[in-house]
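Q: I'd like to go over a predicted model; first the sequence, then the structure.
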Amino acid sequence: MLINSDRRPHPLTAVTYLRKHIVALKNLILLRPWTDDDRDPFAAMNADTEVMRCFQKPLTKTESDQFLVRIRTIFDEQGWGLWAVEVDGAFAGLTGLASPSFSAHFTPCVEIGWRFRREYWGRGIAYAAASAAQTFAFEQLKLRELITFTTAANTRSRRLMERLGFSTSPEDDFLHPLLAPDSPIRPHVLYRKSIASWHAAPSPGGPPREAGIIQAT
Ligand SMILES: CC(C)(COP(=O)(O)OP(=O)(O)OC[C@H]1O[C@@H](n2cnc3c(N)ncnc32)[C@H](O)[C@@H]1OP(=O)(O)O)[C@@H](O)C(=O)NCCC(=O)NCCS
């Protein structure tokens, strides 16, 4: 595994770390554990066809609730995972770290991922939130490598990966093993970032145009 077990943080450590981190972003964006109140806005996001365009299909309320139970279980067990992202007190989406449930040439590994309600797109919010999760992965968990992947046509997500300093190479392209052979979203691209490249160009954990985000709300 890429996670050094001596460095497994206490659940509160992750939250405290991210809260401290977000204070640096003037309390606008908060990565936090989930609450029951998140279930409805989470389900609304997962039912949005545009948000889910690059996934198999939008989720029903039941599927969304089940997904949230899985996220919260993992979060409770390891103290970190996929965080709820709050912007100005409202549920905006999720970002954080997860381990893929399938086997591929790059597993086992830790993946960084994101999903945001449409009204939060195009404002640098996903970047700010994912930067915090990335900082946590390299500085707190000391992961040797983080990966992220998406269907090849997901240009918004790919731009975010590149802005976060991830790079891709054609030999890492793969067909997602959990998708049907004829699925148009099956061809996936894999992006990687090593702790060495993190140290070479550490992100402040927030967006370079932080002030723009504050003003954009
Ligand atoms: C993928 C996703 C998170 C990207 O969100 P996003 O808002 O485009 O990402 P960012 O936070 O990096 O924002 C970048 C955009 O904000 C703009 N922006 C505005 N103010 C900004 C600021 N202060 N700082 C940075 N960017 C800013 C950028 O110019 C850029 O706009 P552009 O896309 O028109 O070029 C979002 O599209 C999403 O949730 N998609 C659905 C779920 C999904 O596909 N998840 C990934 C599966 S792998």
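A: Looks like it arrived, so ask away.
Q: Please count neighbours and contacts with C-alpha atoms only from this point.
A: Fine.
Q: can you map out the helices along this structure?
A: Along the chain, counting by DSSP state H, helices occupy 11-23, 39-47, 61-78, 125-135, 155-163, 195-200, 210-216.
Q: now the ones you listed in a markdown table, with mean neighbour count and mean pLDDT?
A: Shown next, in a markdown table, are the helices of the chain (neighbours: other C-alpha atoms under 10 Å; pLDDT from 0 to 100):
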| stretch | mean neighbour count | mean pLDDT |
| --- | --- | --- |
| helix 11-23 | 17 | 57 |
| helix 39-47 | 19 | 98 |
| helix 61-78 | 15 | 96 |
| helix 125-135 | 25 | 92 |
| helix 155-163 | 16 | 97 |
| helix 195-200 | 13 | 92 |
| helix 210-216 | 13 | 31 |
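Q: Contact partners for F174?
A: F174 is in contact with P187, H188, V189, L190, counting by C-alpha atoms under 8 Å, 6 or more residues apart in numbering.
Q: can you do 10 Å?
A: Shown in contact with F174 (C-alpha atoms under 10 Å, 6 or more residues apart in numbering): A104, H105, F106, F149, T151, A152, R186, P187, H188, V189, L190.
Q: With respect to the ligand, which of the residues you listed is nearest?
A: In terms of C-alpha to the nearest ligand atom, no member of those lies closer to the ligand than F149, at 5.7 Å.
Q: residues touching the residue lying closest to the closest one once chain neighbours are set aside, list them.
A: Using C-alpha to C-alpha, 6 or more residues apart in numbering and skipping the chain neighbours, the partner closest in space to F149 is L190 (4.4 Å). Listed by C-alpha under 10 Å, 6+ apart, the contact partners of L190 are 106, 147-152, 158, 161, 166-174.
Q: Got a quick PyMOL command for the buried subset of those residues?
A: In PyMOL syntax, the buried subset of these is picked out as below (16 or more other C-alpha atoms under 10 Å):
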select buried, resi 147+148+149+150+151+152+158+161+166+167+168+173+174
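Q: Restricted to strands, list the contacts of L190.
A: I147, T148, F149, T150, T151, S167, T168, F174 (DSSP state E).
Q: Which residue of this protein lies farthest from its centroid?
A: Residue farthest from the centre of the chain, counting by C-alpha atoms, centre = their mean, is D182 at 26.9 Å.
Q: Nearest residue to the middle of this protein?
A: Short answer for the chain (C-alpha atoms, centre = their mean): G113, at 2.6 Å.
Q: wait, it sits on S131?
A: No: with contact defined as C-alpha atoms under 10 Å, G113 does not count as touching S131 (11.0 Å).
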